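A.B. asks: A predicted structure for the sequence below; I have some questions about it.
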Amino acid sequence: MERALVIWIGLLTAGALACAGPVNSDLERAEAEYRAAAADAYVADYAPTQLREAEAALARAQRAFRADADPEVVDHLAYLATRRVEIARATARRNEAFARVDAPPPRSHLHSDGHAHERAHGDGLRAAELAALLSALRAEDTERGVVVTVDDVLFDRDRAALRSEALPDLSRIADFLRVHPDLDVLVEGHADAAERDRGALDLSLDRAESVERYLVAQGIDPDRLVTRGFGASDPAVPTDSFRSRQLNRRVEIVVVD
């Protein structure tokens, strides 16, 4: 009887595993990241809008997975959901930093030079905003300036029109540039090596100009913007895969101080 019971339990376990169905590790990672952020009161308090954007992005990835979409498509949507979680966390850090900078200084630190205090306050805000920009976006502080590669500026093959996924990150860049009108910007377009229908060089310039038009529409002075096209000469990812081709169809934004 005991042996029969063991066999029955073994068969039941095997059946349960068979019913578990396929999994997607990128989606599972995105779900775990979102759950952790949603449970963090710090993120919920300081970045509620961005947390909702992350929830919506995760829901899109989950729907694609349930609909048996191509695994690479699910991977990409899961990646975007994870990025939205990262942006929510970075926004929470920025907003908390703003709250601290905006707080009145202790009386023991008050000084008679009001202009010096305003300069210190402005420098603190700018440092907090720049730190948030670096954290929220895939950015690097280089000798050229802050180079922002907006991951969500993913263009369809042989197309230069911005996809809707690009707009939240571009909006954040525009917000930063409006607050700091002394900064100039290089907008650099890139193409996938397989994009030959229109010519990779012209296509990459068209993509840069699409981003330029969006920033101008958001109130950025066009005299601050310089567009360039690099064709397929500088791929972000050298391998030839669905994901690498998407990443190579990109625009990089260089913020010059």
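C.D. replies: Right, received. Where do you want to start? Residues are numbered from 1 along each chain as shown.

A.B. asks: so the nearest residue in space to Asp221 that is not next to it in sequence versus Ile220, what's the distance?
C.D. replies: Distance criterion CB to CB, 6 or more residues apart in numbering; nearest residue to Asp221, sequence neighbours excluded, is Pro181 at 7.2 Å. (C-beta placed from N, C-alpha, C; glycine too.) Separation of Pro181 from Ile220 (CB to CB, to the nearest Å): 9 Å.

A.B. asks: show me which of these two is the more surrounded one.
C.D. replies: Applying other CB atoms under 10 Å to Pro181 and Ile220 shows that Ile220 carries more neighbours, namely 19 against 10.

A.B. asks: so after the helix or strand of the chain with the lowest mean pLDDT, what's the next helix or strand?
C.D. replies: The helix or strand of the chain with the poorest confidence is helix 2-20; it has a mean of 40 (mean pLDDT, DSSP states H and E). Under the assignment DSSP states H and E, the closest C-terminal helix or strand after helix 2-20 is helix 25-38.

A.B. asks: tell me the first helix or strand C-terminal of that following helix.
C.D. replies: Next helix or strand after helix 25-38 toward the C-terminus (DSSP H and E): helix 41-46.

A.B. asks: which residues does that next one contact?
C.D. replies: Outside of helix 41-46, the residues within contact range by CB atoms under 8 Å, 6 or more residues apart in numbering are 37-38, 51, 88-89, 91-93, 95-96, 99.

A.B. asks: among those, who's most crowded?
C.D. replies: Going by other CB under 10 Å, Ala88 tops the contacts of helix 41-46 with 27 neighbours.

A.B. asks: ok now do that residue, which residues does it touch?
C.D. replies: Counting by CB under 8 Å, 6+ apart, Ala88 makes contact with 37, 43, 47, 50-51, 53-54.
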